[in-house]
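need a 3D model of the sequence below.
(one chain, ligands or ions: 1)
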Amino acid sequence: MEPNDSRRVWLTGAGKGIGRALAIAMVEAGWTVAASARTADDLDSLAAEAETKPGHVVGYPVDVTRAAEVSETVERIEADLGPLDLVVLNAGTHQPFKAADFDIETFRRLVETNLMGTVNCLAPVMARFIERGRGHIAVVASVAGYAGLPTAAGYSATKAALINMCEALEPDLARHGVKLQLVSPGFVDTPLTRKNEFKMPFLIPADQAANDIMAGLQSRRFEIVFPFGMKVAMKALRALPYRLFFAITRRMVGS
Ligand SMILES: NC(=O)c1ccc[n+]([C@@H]2O[C@H](COP(=O)([O-])OP(=O)(O)OC[C@H]3O[C@@H](n4cnc5c(N)ncnc54)[C@H](OP(=O)(O)O)[C@@H]3O)[C@@H](O)[C@H]2O)c1
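Residues are numbered from 1 along each chain as shown. Predicted coordinates:
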């Protein structure tokens, strides 16, 4: 598949935030978007918003934590719309907490949504793409997966796992003709980040994130990371020896 050929897309987490802005950018490019999230009303309003655009949106409400329902949804999308060209696994959640509030159920919910939710979507999609010898998958992780950051023990752990998983799968999938990309956003203004109580550096609007992702999807780069300032800051932080690393992150605990 040539990079510009992605036309029939399944996008998870399409109801709000980055996913919603990305869905709009895709329909503006004339693509057909099978849009998933749990909240059907969000998908209905997205489909209505897309009506005046060149492409179109069809809503497929599903909870990504339910593997069997996810698999049925993939089957239904392909039966309705035809074989998928591109899948963007963007559904995710965040729950900041301090060490004193460390809680098993909160951690489990982050793992079930961000990590296992992505795995539940990947399994049926990869099986189809490998059999066809083509397809394009993008997994939305985060620069928060580069390093453990205060209040993000659960979130950063799930995103680090996604990064590691994609690094492991890429060479194998490439042999099968399947393109795998990792999307690593910095701070984007969405309902998810409005939970943060600190000033977020390099914060960008969701439509800017969507434009960066659209450009990245049409490139041959493995990692689509943005904005530039956050990319440099987080890659530099990760490269520091722990003494300096903790000198910086300990200050974040107090802020
Ligand atoms: N915003 C940022 O600064 C930032 C930075 C780095 C990475 N990211 C990543 O980018 C992705 C999108 O983030 P966002 O900021 O746009 O978040 P958001 O505004 O909270 O939107 C998340 C979307 O995912 C859906 N979703 C959540 N849990 C789901 C589930 N169990 N099943 C199906 N859909 C589910 C939500 O819809 P329902 O609740 O209706 O299901 C919603 O449509 C996430 O993976 C996030 O970790 C965000």
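
residue 25 against residue 212, yeah?
No: look at residue 25 against residue 212 with Cβ atoms under 8 Å: they stay out of range, at 10.0 Å. (Glycine included, C-beta is placed from N, CA and C.)

who in this protein is up against the ligand?
12-13, 15-19, 37-39, 42, 63-65, 90-93, 113, 117, 140, 142, 185, 187-188, 190-193 (Cβ under 6 Å from any ligand atom).

switch to 5 Å and redo it
13, 15-18, 37-39, 63-65, 90-93, 113, 140, 142, 185, 187-188, 190-193 (Cβ under 5 Å from any ligand atom).

which of those are buried?
Buried subset of the residues of the chain next to the ligand (neighbour count, 16 or more other Cβ atoms under 10 Å): 13, 15-18, 37, 63-65, 90-93, 113, 140, 142, 185, 187-188, 190, 192-193.

so of these, which ones are in helices?
Secondary structure of these is defined by DSSP state H; positions in helices are 17, 18.

now intersect the buried ones among the residues of the chain next to the ligand with the strands, please.
If you go by DSSP state E, these have 140, 185, 188 in strands.

what's across from the second one in the sheet?
Here residue 185 sits in beta bridges with residue 226, going by DSSP bridges.

need the contact list for it.
The neighbourhood of residue 185, defined by Cβ atoms under 8 Å, 6 or more residues apart in numbering, consists of 18, 140, 142, 143, 209, 212, 225, 226.

and of these, the nearest to residue 154?
Distance ranking of the contacts of residue 185 against residue 154, using Cβ to Cβ, places residue 142 first at 12.4 Å.

that closest one against residue 159, yeah?
Yes: under the criterion of Cβ under 8 Å, residue 142 makes contact with residue 159 at 4.3 Å.

all strands for the stretch 51-200 of the chain, in order.
With strands called from DSSP state E, counting those that start in this stretch, the stretch 51-200 of the chain shows them at 56-59, 86-89, 135-140, 178-185, 188-189.

measure how far the fourth one is from the centre of its chain, please.
On the basis of Cα atoms, centre = their mean, to the nearest Å, the separation between the geometric centre of strand 178-185 and that of its chain is 9 Å.

what is the orientation angle of it with strand 135-140?
20 degrees (axes from the mean of the first three to the mean of the last three Cα atoms, to 10 degrees).

just the mean pLDDT for strand 178-185, thanks.
Here strand 178-185 scores 98 as its mean pLDDT.

residue 33 and residue 119, how far apart?
Taking Cβ to Cβ, to the nearest Å as the measure, residue 33 and residue 119 are separated by 22 Å.

and if you look at residue 91?
Taking Cβ to Cβ as the criterion, residue 91 is separated from residue 119 by 12 Å.

do residue 110 as well
Going from residue 110 to residue 119 by Cβ to Cβ gives 14 Å.

of these two, who's got more company?
With neighbours defined as other Cβ atoms under 10 Å, residue 110 and residue 119 compare such that residue 110 has more, 25 against 17.

pull whichever strand or helix holds residue 245 out as CSV, backbone CA atoms only.
Assigned by DSSP states H and E, residue 245 belongs to helix 242-254. Output of helix 242-254 as CSV, limited to C-alpha atoms (Å, rounded to 0.1, in the frame of the first residue of the first chain):
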residue,chain,number,x,y,z
TYR,A,242,19.1,9.0,37.1
ARG,A,243,20.7,11.5,39.5
LEU,A,244,19.9,14.4,37.1
PHE,A,245,16.6,12.8,36.0
PHE,A,246,15.3,12.6,39.5
ALA,A,247,16.6,16.1,40.3
ILE,A,248,14.2,17.3,37.7
THR,A,249,11.2,15.0,38.3
ARG,A,250,11.4,15.6,42.1
ARG,A,251,10.7,19.2,41.5
MET,A,252,7.5,18.2,39.5
VAL,A,253,6.2,16.4,42.6
GLY,A,254,6.1,19.7,44.5
